[in-house]
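Q: No letters, just coordinates:
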């Protein structure tokens, strides 16, 4: 990760730009987390072995992993709000 640079662009004139940047940054971190939770070694082995059926089945099972719990734990350990920050947003 030390060699990776991630650029984001969240411009929407209809919403608060600071909020859009914060939401986009959180989404980018979630995407990285989901990528790191994926069982890449096993998927590569299945691909190499030609077992595409099992690879597809595993990819479908990964979608149901409790990634939300991992995200909540990460937020808690970093001292930032998990899902509860949404409750504090105004309605406009």
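A: All right, it came through fine. In this text the structure is predicted, and so the values were computed from the model without any measurement.
Q: Give me the below-cutoff pLDDT ranges for the chain.
A: Filtered on pLDDT under 70, the chain yields the residue ranges 85-92.
Q: longest single helix anywhere in it?
A: Counting by DSSP state H, the longest helix found in the chain is helix 17-37.
Q: Identify the residue nearest the spatially most central residue of the chain in space, chain neighbours excluded?
A: For the chain, the residue nearest the mean C-alpha position is residue 30 (2.2 Å; CA atoms, centre = their mean). In space, residue 30 comes closest to residue 71 once its chain neighbours are excluded; the distance is 6.1 Å by CB to CB, 6 or more residues apart in numbering. Using the backbone N, CA and C atoms, a C-beta is placed for each residue, glycine as well.
Q: and that neighbour, how many neighbours?
A: 17 (other CB atoms under 10 Å).
Q: Then residue 62?
A: Neighbours of residue 62 (other CB under 10 Å): 15.
Q: returning to what we had before: quick check, the residue nearest to residue 30 in contact with residue 31.
A: No - using CB atoms under 8 Å, residue 71 is not in contact with residue 31, being 11.0 Å away.
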